[in-house]
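Engineer: compute the structure for the input listed below.
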Amino acid sequence: MSSPMDMLPRVGLGWDRHALVAGETCTLAGVVLDSPVGPSGHSDADVILHALTDALLGAGGLDDLGTLFPDTDPQWKSASSDRFVTAALTLLAEVGLRVISADMVVICDRPKLAPHRATMRANLAKLLELPIDRVNLKGKTAEGGGGDAAQAIEVQAIVMLKGVPRAGDCS
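Structural biologist: Numbering: from 1, shown residues only. Next comes the predicted model:
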């Protein structure tokens with residue numbers, strides 16, 4: 001039986017960061033970009049999908065990405081990160097939650113995201129089964145402000161979930 005509290009919206013915040021390495025494949029939001037550098041990691045290192053997965057899991061009150069898909073587990077070596085998002089969505093559905101919006105900010109000096117933004121956004125909308133106007137993706141640079149934005153890529157993601165009545169609920 002669900003309570004009225006179960007129908008209230010939930011918000012989740014995700015964050016991830018990966019070093020950029022010459023010669024690594026650059027997969028962002030499930031899209032392979034033509035870039036001389038790419039994020040380095042155990043899976044495909046899709047930093048956007050990692051931050052998104054953690055936001056989804058956090059909003060659902062579930063374990064985090066590293067707990068559910070540890071980088072010590074060989075089954076996740078070079079894995080496509082859309083598997084993590086799909087698994088998170090399945091876990092959310094099992095507890096009666098579904099995503100209703102997502103917003104991400106990507107901070108890096110390279111690769112340039114603008115030429116790929118529409119494709120990445122459409123891929124995210126498809127993956128989340130949302131209309132494109134419910135998914136946003138923005139690129140930001142350090143604009144010469146120092147730091148290591150040229151050597152790393154960082155993403156902040158926020159999602160909103162809502163409860164959905166499940167079979168047997170009298171809502």
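Engineer: what helix or strand does the residue most central in space within the chain sit in?
Structural biologist: Geometric centre of the chain, nearest residue: residue 52, 1.9 Å, by CA atoms, centre = their mean. Following DSSP states H and E, one finds residue 52 within helix 47-59.
Engineer: report the rounded mean pLDDT for that helix.
Structural biologist: For helix 47-59, mean pLDDT is 97.
Engineer: now do stretch 141-159
Structural biologist: pLDDT averaged over stretch 141-159 gives 80.
Engineer: now residue 43. Nearest residue, chain neighbours left out?
Structural biologist: The shortest distance from residue 43 to any non-neighbouring residue, by CB to CB, 6 or more residues apart in numbering, is to residue 79 (4.4 Å). Glycine gets a C-beta too; all of them are placed from N, C-alpha and C.
Engineer: what of residue 120?
Structural biologist: Looking at residue 120 with CB to CB, 6+ apart, the closest residue is residue 29, at 3.6 Å.
Engineer: mind listing what the residue nearest to residue 43 touches?
Structural biologist: Residue 79 is in contact with 43-44, 69, counting by CB atoms under 8 Å, 6 or more residues apart in numbering.
Engineer: mind listing the strands for this structure?
Structural biologist: Applying DSSP state E to the chain gives strands spanning 10-22, 26-28, 31-33, 37-39, 97-107, 135-140, 152-163.
Engineer: and the end-to-end length of stretch 67-79?
Structural biologist: Chord length of stretch 67-79, first to last residue, is 16 Å (CA to CA, to the nearest Å).
Engineer: list the buried ones in that stretch?
Structural biologist: Buried positions in stretch 67-79, judged by neighbour count with 16 or more other CB atoms under 10 Å: 68-69, 76, 79.
Engineer: keep only those of those that are in helices.
Structural biologist: residue 68 (DSSP state H).
Engineer: turn the buried residues of stretch 67-79 into CSV, including distance to residue 58 and pLDDT.
Structural biologist: Compiled in CSV, those are given as follows (distance: CB to CB, whole Å; pLDDT from 0 to 100):
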residue, distance to residue 58, pLDDT
68, 12, 84
69, 15, 85
76, 19, 74
79, 21, 85
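Engineer: the nearest residue to residue 44 once chain neighbours are set aside: how many residues sit nearby?
Structural biologist: In this structure, residue 44 finds its nearest non-sequential neighbour in residue 27, 4.9 Å apart by CB to CB, 6+ apart. Residues lying near residue 27 (other CB atoms under 10 Å) number 22.
Engineer: can you pull the contacts of residue 156?
Structural biologist: 13-15, 51, 104-105, 107.
Engineer: of these, buried ones?
Structural biologist: 14-15, 51, 104-105, 107.
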